[in-house]
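**Student:** Need coordinates for the following:
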Amino acid sequence: MSTPPPLAHPPLTAAGKLLAVLGAFDGAHRRLNLTRLAERAGLALTTTHRIAAELTAWGALERRPDDTYVVGRRLWNLGLLAPVQSELGVVAAPFLHDLHAATKATVHLAVLDGARALYVDRVSGRWSVPIVSDVGSRLPLHTTGVGKVLLAHAPEEVVERCCADLVAPTRWAVTDADVLAGQLARVREQGWALTDQEMTPGAASLAVPVREAAGRVVAALGVVLAPFEVGSPVQQSLLAALRVTAAGIERCLPGQG
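**Tutor:** Numbering: from 1, shown residues only. Take a look at the predicted model:
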């Protein structure tokens, strides 16, 4: 899994330095000691120590007994106020649970976040296929079903950024920009995306877009389960369930109807 590199140069402003410390955390770096935190933020150790202490006192970070830092509860609570969580998440939640009950698959809802897919909700069960994504995870767009749906409808500059860093979490991942471009064209034409073990061995994903009233894609809805044959009854059944669920979410979004 590729993760954003640390900043090449320390930001000049106080706000920029604070944001650099917070930005050092991601799905692959949930716990950082002070040295690693400074490296990923691109800041001096003393500066990082001062900022981390201030953020810890405020509740944005939490210092663990082993002297590592994690994201604090106050920052998490603040993030829940964002529209992507408070509106889309609240609207979609019951539909996601219904879809999981019907399919027994892991169900994802993701939005575009820069050149990554941000997972804003997930429903899974005891027998779900093991996967790496979780709520708050930011995964490459080209390796997941929801990511390919979002990328297919993303601005050109996002596609270019993604194609410049086609990492391969597994041997099945697409690393050729031309091949990916062909896949994205098919996603736009057929209205769904399918991946087979491109993010996690033994896991396939199928996803569809969620659109606002004006037709803009605001999220992607997907299911993850064991690999299945393309065009099989399993795929057709899942695709029908996904489309019905996406339509239900769309009808309930603010500004629809």
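
**Student:** do you know how far the nearest residue to residue 20 once chain neighbours are set aside is from residue 161?
**Tutor:** Spatial nearest neighbour of residue 20, excluding adjacent residues (CB to CB, 6 or more residues apart in numbering): residue 41 at 4.2 Å. For the C-beta atoms, the positions are set from N, CA and C on the backbone; glycine is no exception. From residue 41 across to residue 161, the span is 21 Å (CB to CB, to the nearest Å).

**Student:** Looking at the two, which is more packed in?
**Tutor:** With neighbours defined as other CB atoms under 10 Å, residue 41 and residue 161 compare such that residue 41 has more, 26 against 15.

**Student:** That one touches residue 16, doesn't it?
**Tutor:** No - counting by CB atoms under 8 Å, residue 41 sits too far from residue 16 to count as a contact (10.2 Å).

**Student:** what about stretch 100-116, distance to the chain center?
**Tutor:** Computed by CA atoms, centre = their mean, to the nearest Å, the chain-centroid distance of stretch 100-116 equals 9 Å.

**Student:** sorry, that was for stretch 165-181
**Tutor:** Here the centre of stretch 165-181 is set off from its chain's centre by 17 Å, with CA atoms, centre = their mean.

**Student:** quick check: mean pLDDT across it?
**Tutor:** For stretch 165-181, the mean per-residue pLDDT is 92.

**Student:** Ok, stretch 47-55 next?
**Tutor:** For stretch 47-55, the per-residue pLDDT averages 95.

**Student:** Residues in contact with that stretch: which ones?
**Tutor:** Residues from elsewhere that reach stretch 47-55 (CB atoms under 8 Å, 6 or more residues apart in numbering): 10, 17-18, 21-22, 34, 37-38, 41, 43, 61, 63, 69, 72.

**Student:** distance of residue 121 from residue 194?
**Tutor:** Taken as CB to CB, the span from residue 121 to residue 194 is 21 Å.

**Student:** ugh, wrong one, I meant residue 45
**Tutor:** Distance from residue 45 to residue 194, counting by CB to CB: 46 Å.

**Student:** for residue 72, same thing?
**Tutor:** From residue 72 across to residue 194, the span is 38 Å (CB to CB).

**Student:** In the stretch 101-250 of the chain, where is pLDDT below threshold?
**Tutor:** Applying pLDDT under 70 to the stretch 101-250 of the chain picks out residues 125-134, 229-231.

**Student:** show me where it has strands.
**Tutor:** Using DSSP state E, counting those that start in this stretch, the strands of the stretch 101-250 of the chain run over residues 106-113, 116-123, 138-140, 193-196, 204-211, 217-225.

**Student:** Could you list every helix and strand that the shortest one packs against?
**Tutor:** Think strand 138-140. For strand 138-140, the helices and strands in contact under the criterion 3 or more CB pairs under 8 Å, 6 or more residues apart in numbering; DSSP states H and E are strand 116-123.

**Student:** Can you tell me the strand partners of the strand it packs on and which way each runs?
**Tutor:** According to DSSP bridges, strand 116-123 forms sheet pairs with strand 106-113 (antiparallel), strand 138-140 (antiparallel).

**Student:** Of these, flag the one that's most buried.
**Tutor:** Highest mean neighbour count of those: strand 106-113, a mean of 24 (counted as mean count of other CB atoms under 10 Å).

**Student:** For it, output the C-alpha coordinates as CSV.
**Tutor:** The C-alpha trace of strand 106-113 is given here as CSV (Å, rounded to 0.1, in the frame of the first residue of the first chain):
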residue,chain,number,x,y,z
THR,A,106,-18.7,-6.6,3.3
VAL,A,107,-20.4,-3.4,2.1
HIS,A,108,-18.4,-0.2,1.6
LEU,A,109,-19.3,3.5,1.0
ALA,A,110,-16.4,5.6,-0.2
VAL,A,111,-15.8,9.2,-1.5
LEU,A,112,-13.0,10.8,-3.4
ASP,A,113,-10.4,12.4,-1.2
